Structure formats: structure tokens, C-alpha cells
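Undergrad: sequence unknown, structure follows:
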């Protein structure tokens, strides 16, 4: 497997590959997001209990799922960077962290705007909300650590260790609604049983989830490409690329 | 896809009284996602202009060095 994977760790090969992926994923992500939100906002029936406020689910749940998905990918990259010392994995951490942080902020913000009319409060210090807030701080910590040392390699390593240690928060977020008494409702679709949501409401939600996943991939490609260029700027292939661009 | 869930556009914007919360959520989320995309794009553009600047400066320095060394050579030739 490593023989097969090895060429992709070469920055130049990965750079070209990311460019091809980005060209497909970026428009696809935005398109799916447009379809999913328009469908979810206008063409699904209102919820029998929550009325039209439940439509916030179409951005809240995908953002929350991918805030954790992004963290998992970042932790895998951190593991690869620490164990096999692969540079591009290290750079991928820096590319994923800001995107994951924004996804987490969206999940928190839309959750607050959903909580206010439904629970009567923007915020409570309960398990699900607090653990998701900690996820935001973990992302911010990774970003801050990476830039905190005059020696870039030291900051990179520290950020990778934090990213890896922070994984412990992911199961806490997921199971928080079962382990503790919480205002937040339990799992609707991310469980090993039939989703407790009507199919007419499930489809636009699934499209939004896929859309944000695709968009995450596209945005990572975009940032990782720039990061590769920045780190490799003294190599001949980057010069050649710059001349081709001009 | 089922039919449009609202009777009019006004009802659609009102979102059954939850319009403020729904549009606040979607509006800010869209802004945040667009900002992510835009800052990523700006980052690449910024780096590219920096790089081309550096490369053209290096080329100028090289050209100047060549020129001055050739001037030096001709000066050496004339004195010998």
C-alpha cells in the first residue's frame, strides 16, 4: 500500500492532483449546497412540532457533522505527520484547521439561533454544546500553536500533537446526548438504526451533508495547494509553474 | 421533490414566524463559507504575485551581474 501511496507524498505530484480535484469538487460542492438548501428551505413540509424553524437543520447538522469529520481528517494527517514524518501531511493540518474551525463556528451559531426560539435560550452550558465549543477551542489551539514558535518545525510538531490528543473530544461530542441529561435532542440519522426523520425531509438534509463534505474537500485542496507552493517556493518546479501561470 | 411548502413568497420569507432565526442562520453560514473560499483564493493569488515579483527581481539581479561582469572584463582587457 505504501509503495502505491508514496508518490502522492511527493509535493509536486500532490499539487497537480489537488488542482484537478479542486476543479471538480469546488463547483460540485456549491451546486449541491444550493440544491440542498433551496429544497430544504422551500420544498419540504414544516415540522409538526417545530414549524419552519426546523429548516435550520439543513445547515446546522451538516456543519456539525463535518466539524467532527474535519477534525478526524486533521488528526489522521497529524498521525501520519508524526509517525512517518511526511511533510505534506503536516501542511494538511494547517490547511484543514481554519476550515474545521469555521464549520464548528457555524454549527454553534446556527444551533444558538435554533435554540433561542425552541428552547428559549441562545446558549446553555450542557454537554453537547460545551463539548462542541471545546472543539472550536481545539481548532483555534492548533492554529495558534502552529504559528507560536520562531522555529516552524517546533510549532508544526506541537500542533500535530494537540490535534491528535484532541481526538478524545470526538466521542464525547457524539455520545454527549446519551451520557448526560441535555437540552440537545438525540441522534436523528447518525445512528445504527432507521433514521427518525421522514424521507421527504431526509433527502435534502442528506444532500446538504454531502455538499458540505464535498466543499470541505475542495477548500482543503485549495489551501493545501497554496501551502505546498509556499513551502516549496525555492524548488525549480514551482518556478516553472509560476512561469507557466504568467 | 414535493411542492412549494408556502402559499406566497411573503410567507416563505416569514418562515412561519421564525424568519429572523432561519435567515440569520443561513445568511451568516453562507457569508462564513464564502469567506473561507475567498480567503483561500486570495492566499493563492497573494503568494503567486509575491513569487513572480521575487523571480523577476532575481532575473534583474542576474542580468545586472552579467552586465557588470562583462563591463569588468572589457575594462580588464583594455588595461592589459
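TA: Here it is on my side, so go on. Everything quoted here is computed from the prediction, not taken from an experiment.

Undergrad: so which residue is smack in the middle of chain B?
TA: Centroid-nearest residue in chain B: residue B:42, 1.7 Å away (criterion: Cα atoms, centre = their mean).

Undergrad: ok, now how distant is that one from chain A?
TA: Separation of residue B:42 from chain A (Cβ to the nearest Cβ, to the nearest Å): 10 Å. Just so you know, the C-beta spots here come from the backbone N, C-alpha and C atoms, and that holds for glycine as well.

Undergrad: for the host helix or strand of that residue, name the packing helices and strands.
TA: Applying DSSP states H and E as the criterion places residue B:42 in helix B:19-79. Judged by 3 or more Cβ pairs under 8 Å, 6 or more residues apart in numbering or on different chains; DSSP states H and E, the packing partners of helix B:19-79 are helix A:11-42, helix A:57-84, helix A:87-119, helix A:199-231, helix A:236-245.

Undergrad: ok and that helix relative to helix A:57-84, angle-wise?
TA: Orientation note: helix B:19-79 sits at an angle of 40 degrees relative to helix A:57-84 (axes from the mean of the first three to the mean of the last three Cα atoms, to 10 degrees).

Undergrad: any idea how far helix B:19-79 is from the middle of the chain?
TA: Using Cα atoms, centre = their mean, to the nearest Å, the distance from the centre of helix B:19-79 to the centre of the chain it belongs to is 10 Å.

Undergrad: again with stretch A:32-46
TA: Taking Cα atoms, centre = their mean, one finds stretch A:32-46 lying 21 Å from the centre of the chain it belongs to.

Undergrad: what's the answer for stretch A:217-231, then?
TA: 15 Å.

Undergrad: check stretch A:98-118 too.
TA: Centroid separation for stretch A:98-118 versus its chain: 13 Å, with Cα atoms, centre = their mean.

Undergrad: low-confidence regions, chain A specifically.
TA: Scanning chain A for pLDDT under 70 picks out the ranges A:1-8, A:189-195.

Undergrad: quick check: the residue nearest the centre of chain A vs chain B, distance?
TA: When Cα atoms, centre = their mean is applied to chain A, the residue found nearest the centroid is residue A:70 (3.1 Å). Using Cβ to the nearest Cβ, one gets 12 Å for the distance from residue A:70 to chain B.

Undergrad: contacting residues for the nearest residue to that residue once chain neighbours are set aside?
TA: Excluding the flanking residues, the one nearest residue A:70 by Cβ to Cβ, 6 or more residues apart in numbering or on different chains is residue A:100, at 3.4 Å. For residue A:100, the residues meeting the contact criterion (Cβ atoms under 8 Å, 6 or more residues apart in numbering or on different chains) are A:66-67, A:70-71, A:74, A:139.

Undergrad: next, count neighbours for residue 61.
TA: Since no chain was named, I'll use chain A. By other Cβ atoms under 10 Å in any protein chain shown, the residues close to residue A:61 number 21.

Undergrad: chain B was what I was after
TA: Burial measure for residue B:61: 10 neighbouring residues, criterion other Cβ under 10 Å.

Undergrad: measure it to chain A for me?
TA: As defined by Cβ to the nearest Cβ, residue B:61 lies at a distance of 15 Å from chain A.

Undergrad: what's the answer for residue B:60, then?
TA: Residue B:60 sits 15 Å away from chain A, taking Cβ to the nearest Cβ as the criterion.

Undergrad: what do you get for residue B:17?
TA: Using Cβ to the nearest Cβ, one gets 7 Å for the distance from residue B:17 to chain A.

Undergrad: wait, isn't that residue in contact with residue A:50?
TA: No - Residue B:17 lies out of contact with residue A:50 (Cβ atoms under 8 Å); the separation is 11.4 Å.
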